[in-house]
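J.: starting from these lines, generate the structure:
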Amino acid sequence: MTLPLIIEPSQLVSELDQGKLLILDLGKAETYTTAHVPGAIHVPPSHIQLGVPPAPGLLPSKEQLSLLFSRLGLTHDTHVVVYDDDGGPWAGRMIWVLDAIGHKHYSFLNGGIHAWLAQQCPVQSKTNEAQPSDYQVTQIDETVTIDKAQLLQAISDSSIEIWDARSLPEYTGEKAVSARGGHLPGAKSYEFTRALDTTADLMLRDLDAVKQELHDLGITGTKTIVTHCQTHRRSGLTYVICKQLGWPVQAYAGSWSEWGNDPSTPIETGQ
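T.: Predicted structure coming up:
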């Protein structure tokens, strides 16, 4: 099965009867029980985070991931389609998790459940259960992530571009969610919601326009882009955007929850 990274609702409708398709709903449980894509299996977002302070956004262990994906029935030739009910951050994070476990057959549903409903695509309300598999995560692809020590070195070497997907008040330090407010040295602020069209059911805006806006800020893709937020939820969407634009990208899963709570890490404030 060959499907695009970003799949439109109309494209997915025509693929729903494919046997090797695994559709994962990362929205809220109450949204799922009201209406979801036919065949979709609900995945609580907490299952794709380690959940341990001060960096709850880190990747779960290989053992935890093996339990999750075997329960979901993942196989090596399964094509996974992901979506959520919030414009795509959790779905994007799942794309990153799949990259991390080495599973490269995936698509991101543009607009998630909101666009699906708005375009009057078929829905279900019954809970779907997966047919378990024996899928095992044997190794983690470390190239899709960057840790705090590596990030400190990369900042020193000026070898990366940093995309801060948080709100502007978080970036400037006006709003501090961690012990310290502010941003990573050299980071550029582009809140993830700026890439969404709020008048078109949270579908992605024209990515050429988004690309130009990022370029104007100094995020050009000529170096590896490191994207982060507070816990690598919001930056899940920006990770997918970078991949769609063909830019080299790594997620800083520790994100500001780790960086801002470490008194030894350098920060900047203001714009």
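J.: so how far is stretch 250-258 from its chain's centroid?
T.: Centroid separation between stretch 250-258 and its chain, computed with CA atoms, centre = their mean, to the nearest Å, is 12 Å.
J.: measure that stretch end to end?
T.: Start and end residues of stretch 250-258 are separated by 16 Å (CA to CA, to the nearest Å).
J.: let me see the mean pLDDT of that stretch.
T.: If you average the pLDDT over stretch 250-258, you get 98.
J.: now stretch 94-111
T.: Across stretch 94-111, pLDDT averages out at 98.
J.: just the C-alphas of that stretch, formatted as CSV.
T.: Extracted in CSV, the C-alpha atoms of stretch 94-111 (Å, rounded to 0.1, in the frame of the first residue of the first chain):
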residue,chain,number,x,y,z
MET,A,94,2.4,9.2,16.9
ILE,A,95,4.1,9.7,13.5
TRP,A,96,7.3,10.5,15.5
VAL,A,97,6.8,7.4,17.7
LEU,A,98,6.4,5.2,14.6
ASP,A,99,9.6,6.7,13.2
ALA,A,100,11.4,6.0,16.4
ILE,A,101,10.4,2.3,16.3
GLY,A,102,11.4,2.1,12.7
HIS,A,103,7.9,1.7,11.2
LYS,A,104,7.8,4.0,8.2
HIS,A,105,4.4,3.1,6.7
TYR,A,106,2.1,5.8,7.9
SER,A,107,-0.2,8.7,7.0
PHE,A,108,-1.5,11.8,8.8
LEU,A,109,-5.2,12.5,8.3
ASN,A,110,-5.4,16.2,7.3
GLY,A,111,-7.9,18.0,9.6
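J.: 260 is where my numbering starts, stick with that
T.: Got it, first residue is 260 now, which makes that one stretch 353-370.
J.: tell me how far that stretch is from the chain's mean position?
T.: Computed by CA atoms, centre = their mean, the separation of stretch 353-370 from the middle of its chain amounts to 8 Å.
J.: how about it: buried residues?
T.: For stretch 353-370, burial by neighbour count (16 or more other CB atoms under 10 Å) applies to 353-360, 362, 364-370. In short, each C-beta sits where N, CA and C put it, glycine included.
J.: tell me which of those fall in helices.
T.: 353, 354, 355, 356, 357, 358, 359 (DSSP state H).
J.: please name the nearest non-neighbouring residue to residue 260.
T.: The shortest distance from residue 260 to any non-neighbouring residue, by CB to CB, 6 or more residues apart in numbering, is to residue 338 (4.5 Å).
J.: distance check, that neighbour against residue 374.
T.: Separation of residue 338 from residue 374 (CB to CB, to the nearest Å) stands at 20 Å.
J.: quick one: the helices in the stretch 310-459 of the chain?
T.: Secondary structure of the stretch 310-459 of the chain (DSSP state H, counting those that start in this stretch): helices at 321-330, 348-359, 371-377, 407-416, 427-431.
J.: what's the closest of the ones you listed to residue 520?
T.: For those, the distance to residue 520 is smallest for helix 407-416, at 10.9 Å, taking CB to CB.
J.: average pLDDT for the closest one?
T.: Helix 407-416 carries an average pLDDT of 98.
J.: name the helices or strands packed onto it?
T.: Helix 407-416 sits against strand 419-423, strand 483-487, with contacts defined as 3 or more CB pairs under 8 Å, 6 or more residues apart in numbering; DSSP states H and E.
J.: adding distance to residue 302, mean pLDDT and mean neighbour count, write those out as a markdown table.
T.: Formatted as a markdown table, these follow (distance: least, CB to CB, whole Å; pLDDT from 0 to 100; neighbours: other CB atoms under 10 Å):
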| stretch | distance to residue 302 | mean pLDDT | mean neighbour count |
| --- | --- | --- | --- |
| strand 419-423 | 25 | 98 | 25 |
| strand 483-487 | 22 | 98 | 26 |
